[in-house]
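>>> model this:
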Amino acid sequence: MNKIKLQIVGLTQSKMQATSYAIVLGEVGANRRLPIMIGGFEAQAIAVAIENVPSGRPLTHDLLKNMCEEFGIELQEVVISELSEGVFYSRLVCLKDGEILEIDSRTSDAIALAVRFSCPIYTYESILDTAGIVLEGSTEGEDSKGKSKGGGKDKRSAQVGAESWGKASTEQLESLLKEAIEKEDYEKAAKIRDEIASR
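This is a model prediction of the structure:
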């Protein structure tokens, strides 16, 4: 199974819940995005590493990195390996004395470590097909690989709220999905995507 390389393209706070965030991963060289909902502490752990914010004492993920380095364990890559009932599962692929070890991890922790180790993040086509969002047109530094599945527009779709997504047509939902992506409201986009996928 071929792995697809991802990069962090955004970390946004939920507009619906103040304690929730979305980490947005983008397919390298393409227009697909993979939004993953995480908690506030996990978001902070990732943001601190991305922004190189110094701390007086090692934070949990910094401590884990220090321990790995002390014991000769190198994090080679992170693989978002499974999606089950809306939950992403990841593996840490490590190298120790020439031997490859794979360790189960929460995806938010795996990403926090990937940033600290400057190692690549991967996933599989099946996960991007299920949970990914395709951006309309190309973005800076990326090729245009495709269009949103939404195609046609329906003026009524703007009037469809979260409480009535179950009653909306797939075409209306696809239009809402496109609108949410354009506004970079990845949390809403992920929920609409899930509603479409459940059909």
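
>>> so what's Val53 up against?
Ala47 (C-beta atoms under 8 Å, 6 or more residues apart in numbering). Every residue, glycine included, has its C-beta placed from N, CA and C.

>>> helix, strand or coil for it?
Reduced to three states with DSSP: H, G, I helix; E, B strand; the rest coil, the structure at Val53 is coil.

>>> Next: the one 3 residues further on.
Look at Gly56: counting by three-state DSSP, its state is coil.

>>> how far away is it from Pro35?
Going from Gly56 to Pro35 by C-beta to C-beta, to the nearest Å gives 33 Å.

>>> Can you give me the end-to-end span of stretch 115-123?
Using C-alpha to C-alpha, to the nearest Å, one end of stretch 115-123 lies 16 Å from the other.

>>> How about it, which residues are buried there?
Using 16 or more other C-beta atoms under 10 Å as the test for burial, stretch 115-123 gives Val115, Arg116, Phe117, Cys119, Pro120, Ile121, Tyr122, Thr123.

>>> among those residues, which are in strands?
Among those, DSSP state E puts Ile121, Tyr122, Thr123 in strands.

>>> Strands of the protein, start to end?
Here the chain has its strands, by DSSP E, at 3-13, 20-27, 32-39, 73-84, 87-96, 99-106, 121-124, 133-134.

>>> Would you reformat those strands as a markdown table and include mean pLDDT?
What follows is these, written out as a markdown table (pLDDT from 0 to 100):
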| stretch | mean pLDDT |
| --- | --- |
| strand 3-13 | 92 |
| strand 20-27 | 91 |
| strand 32-39 | 92 |
| strand 73-84 | 96 |
| strand 87-96 | 96 |
| strand 99-106 | 97 |
| strand 121-124 | 97 |
| strand 133-134 | 87 |
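
>>> coming back round to it: so which of the buried residues of stretch 115-123 comes closest to Ala49?
Checking the buried residues of stretch 115-123 against Ala49 by C-beta to C-beta gives Val115 as the nearest, at 4.0 Å.
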